[in-house]
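Trainee: 3D, please:
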Amino acid sequence: MTRAERRQEWEARIAAADYRASGQSAKDWCASNNLKPGQLWYQLSRDSSGKTGPAMQKTKWLPVEVRGESICPI
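Mentor: Down below sits the predicted model:
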C-alpha cells in the first residue's frame, strides 16, 4: 500500500462516517477497529479538515515591541 493510499484510508476512518460519528471514546473505537490509540491520535493531529479541536490549531505569532530599559539583571 502506498503512502497516499494509507493517507486516504485514514481520512476515511476519521471522517464523519467513522470515528467522529461513532460516539465512542478513542480507546473503545480503536479496540473495535484493531488499532492502537496512538495511531488514531497521530492521524487526528495530521487531519487537515480543521475538526481536531482547539488543541490542534496552528500557532499564531504576534509582533511585540519592547520599549525602555531592560529590567533583567543579566
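Trainee: Let me know the helix or strand that the residue nearest to the spatial centre of the chain is in.
Mentor: Residue closest to the average C-alpha location in the chain (Cα atoms, centre = their mean): Ser45, at 2.0 Å. Per DSSP states H and E: Ser45 is located in helix 37-46.
Trainee: buried stuff in that helix?
Mentor: Leu40, Gln43, Leu44 (16 or more other Cβ atoms under 10 Å). (Glycine included, C-beta is placed from N, CA and C.)
Trainee: tell me which of those is nearest to Arg20?
Mentor: Leu44 (9.4 Å; Cβ to Cβ).
Trainee: Put together a markdown table for the buried residues of helix 37-46, with pLDDT and distance to Arg20 on each row.
Mentor: Shown next, in a markdown table, are these (pLDDT from 0 to 100; distance: Cβ to Cβ, whole Å):
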| residue | pLDDT | distance to Arg20 |
| --- | --- | --- |
| Leu40 | 81 | 11 |
| Gln43 | 76 | 12 |
| Leu44 | 77 | 9 |
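Trainee: want to throw those residues into a markdown table with distance to Glu65?
Mentor: Listed next are the buried residues of helix 37-46 as a markdown table, based on distance: Cβ to Cβ, whole Å:
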| residue | distance to Glu65 |
| --- | --- |
| Leu40 | 43 |
| Gln43 | 40 |
| Leu44 | 37 |
